[in-house]
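Visitor: sequence first, predicted model second:
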Amino acid sequence: MASTCRALSANLRTLPNSSFIRSLPYIPSRFFAVKPAFSSLKLNSNSSRFSCRRTKASMAEIVTPKSKGKVKVFDTEEDLAVSLAEYTADLANKVSQERSSFTVVFSGGSLVKSLRKLVGQPYIDSVDWSKWHVFWVDERVVPKDHPDSNYLLAYTEFLSKVPIPTGHVYAINDALSAEGAADDYETCLKHLVQTKILDQSHSTNFPKFDLMLMGMGPDGHIASLFPGHPLVQENEKWVSFIKDSPKPPPERISFTLPVINSSANVALVVAGAGKASAVHTALSDVSNSEVLPVQLVEPEGELTWFLDKEAASKL
Ligand SMILES: O=C(O)[C@H](O)[C@@H](O)[C@H](O)[C@H](O)COP(=O)(O)O
């Protein structure tokens with residue numbers, strides 16, 4: 001039986017070329033401080049469906065029905081990244097003052113790039129990184145040093161630049177099959193709930209992560225839950241697997257929707273014109289022939305959209 005909760009430090013020793021990972025440079029954070037660029041932001045004319053209030057020159061906030069969450073629209077992806085870092089650090093520090101752990105979940109894709117401001121000042125010094133416990137909402141079933149690995153992406157762009165204890169980084173067991181890795185990860189989560197590292201929703205009994213940071217595909221997929229795939233309907237397992245992902249690579253593990261929706265906070269981070277149609281479908285009241293997975297994201301806690309103006313261009 002594979003060990004449960006194989007914190008990465010143990011796994012790291014088994015990587016074929018873990019010297020490669022350990023050799024990644026630590027870049028002092030003073031190179032990262034950037035001031036937000038202020039500029040006017042225009043939403044297109046038919047955004048009358050949404051009341052829009054400007055909270056800063058570089059950001060407009062759209063008020064939507066509660067279930068759709070809070071929508072922040074930024075003039076540029078750079079402004080979005082500045083705000084996302086502030087949001088994440090503030091939440092982490094608030095939780096860290098109340099509890100011994102801050103459980104945060106990453107997706108793959110461009111999400112990690114949008115977190116880049118968090119490894120710079122003031123956060124590198126102001127965040128209590130020792131409380132962070134890092135998970136993945138989905139992961140490709142490939143070795144951790146494979147270019148497709150979401151773990152490697154997060155390690156290269158983020159984890160190698162912040163002092164989160166390696167025992168607090170929970171990557172999948174890449175020696176297992178997709179099904180085995182999903183079961184192993186679920187066993188890990190259940191162990192962390194028992195040891196009170198990971199909270200549990202009293203209403204759903206699913207794990208309750210403090211923050212789930214997710215991207216969204218142009219087809220409205222989130223994590224590895226794709227439109228029309230049976231995995232979207234999975235409502236008992238915490239972690240499941242897919243072997244026919246329409247987005248390569250084909251084999252992945254993924255949290256299920258009940259886990260995503262049991263989160264205390266979910267941030268959907270979406271940039272680029274290619275996402276505009278799915279964003280419009282998700283945030284407008286247009287009845288769609290097929291409900292997109294992103295439309296099913298209705299967490300018990302707070303949902304916040306971080307959009308750049310291209311992604312919001314059809315609102
Ligand atoms: O492992 C994955 O592929 C991701 O978790 C996936 O769900 C991603 O978040 C979206 O496809 C958006 O990716 P981009 O932001 O790069 O378009």
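Guide: Looks like it arrived, so ask away. Numbering: from 1, shown residues only.

Visitor: can you pull the contacts of D219?
Guide: 226-227, 246, 278, 292 (CB atoms under 8 Å, 6 or more residues apart in numbering). Just so you know, the C-beta spots here come from the backbone N, C-alpha and C atoms, and that holds for glycine as well.

Visitor: could you do E86 as well?
Guide: So E86 contacts nothing (CB under 8 Å, 6+ apart).

Visitor: now it: which helix or strand?
Guide: Counting by DSSP states H and E, the element that carries E86 is helix 77-98.

Visitor: for that helix, C-alpha coordinates in PDB please.
Guide: Coordinates of each C-alpha in helix 77-98 appear next as PDB, following Å, rounded to 0.1, in the frame of the first residue of the first chain:
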ATOM      1  CA  GLU A  77      -3.200  40.800 -16.700                       C
ATOM      2  CA  GLU A  78      -0.400  42.600 -14.800                       C
ATOM      3  CA  ASP A  79      -3.000  44.500 -12.700                       C
ATOM      4  CA  LEU A  80      -4.800  41.300 -12.200                       C
ATOM      5  CA  ALA A  81      -1.600  39.600 -10.900                       C
ATOM      6  CA  VAL A  82      -1.000  42.500  -8.500                       C
ATOM      7  CA  SER A  83      -4.500  42.200  -7.100                       C
ATOM      8  CA  LEU A  84      -4.500  38.400  -6.900                       C
ATOM      9  CA  ALA A  85      -1.300  38.500  -4.800                       C
ATOM     10  CA  GLU A  86      -2.800  41.000  -2.400                       C
ATOM     11  CA  TYR A  87      -6.100  38.900  -2.100                       C
ATOM     12  CA  THR A  88      -4.200  35.600  -1.600                       C
ATOM     13  CA  ALA A  89      -1.700  37.100   1.000                       C
ATOM     14  CA  ASP A  90      -4.500  38.900   2.900                       C
ATOM     15  CA  LEU A  91      -6.600  35.700   3.100                       C
ATOM     16  CA  ALA A  92      -3.600  33.500   4.000                       C
ATOM     17  CA  ASN A  93      -2.600  35.900   6.900                       C
ATOM     18  CA  LYS A  94      -6.200  36.100   8.100                       C
ATOM     19  CA  VAL A  95      -6.500  32.300   8.200                       C
ATOM     20  CA  SER A  96      -3.000  31.800   9.700                       C
ATOM     21  CA  GLN A  97      -4.000  34.000  12.600                       C
ATOM     22  CA  GLU A  98      -7.000  31.800  13.300                       C
END
